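> give me a 3D structure for the following:
(one chain, ligands or ions: 1)
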Amino acid sequence: MLRIPCPWCGTRDEAEFRYHGDATRPRPTAADTLADFSRYTYGRDNPLGWHLEWWLHVGGCRRLLKVERHTLSHEIRWVGTPEASPAPEVQAP
Ligand SMILES: [Zn+2]
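Take a look at the predicted model:
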């Protein structure tokens, strides 16, 4: 069972949240092409490993949050507000 620590409500069951998409892809601007909009709307990656995602707390505060989740183990190592970002990983020398 996935438990998500909402920054505003505390840790809650996954059933209160709805996956809201990939948080790593920047939204296209008006200057971008139709192909860029199409790729943003319909293109999906299926990464294995740590991934930054949007989740919506529909059964609670109804706010968007960013969740860094491992796509295989579902472990969550970071949760933040939409403006925040996880610290970059420290690379071994
Ligand atoms: Zn919440």
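
> how near is residue 22 to the ion?
Plainly put, residue 22 is 20 Å away from the ion if you go by CB to the ion, to the nearest Å. In this view, the C-beta of every residue, glycine as well, is placed from N, C-alpha and C.

> again with residue 60
Residue 60 is 4 Å from the ion, by CB to the ion.

> now residue 46: closest residue in space, sequence neighbours ignored.
Here the nearest residue to residue 46 in space, its sequence neighbours aside, is residue 71; by CB to CB, 6 or more residues apart in numbering that works out to 8.0 Å.

> quick one: pLDDT of the one you found?
According to the per-residue confidence, residue 71 scores 95 in pLDDT.

> that one contacts residue 52, correct?
No. With contacts counted by CB atoms under 8 Å, residue 71 stays clear of residue 52, the gap being 10.9 Å.

> so, low pLDDT: which residues of this protein?
Within the chain, the ranges that satisfy pLDDT under 70 run 90-93.

> buried set for the strand or helix carrying residue 20?
Of the helices and strands defined by DSSP states H and E, residue 20 is found in strand 18-22. Neighbour-count burial for strand 18-22 flags residue 20 (criterion: 16 or more other CB atoms under 10 Å).
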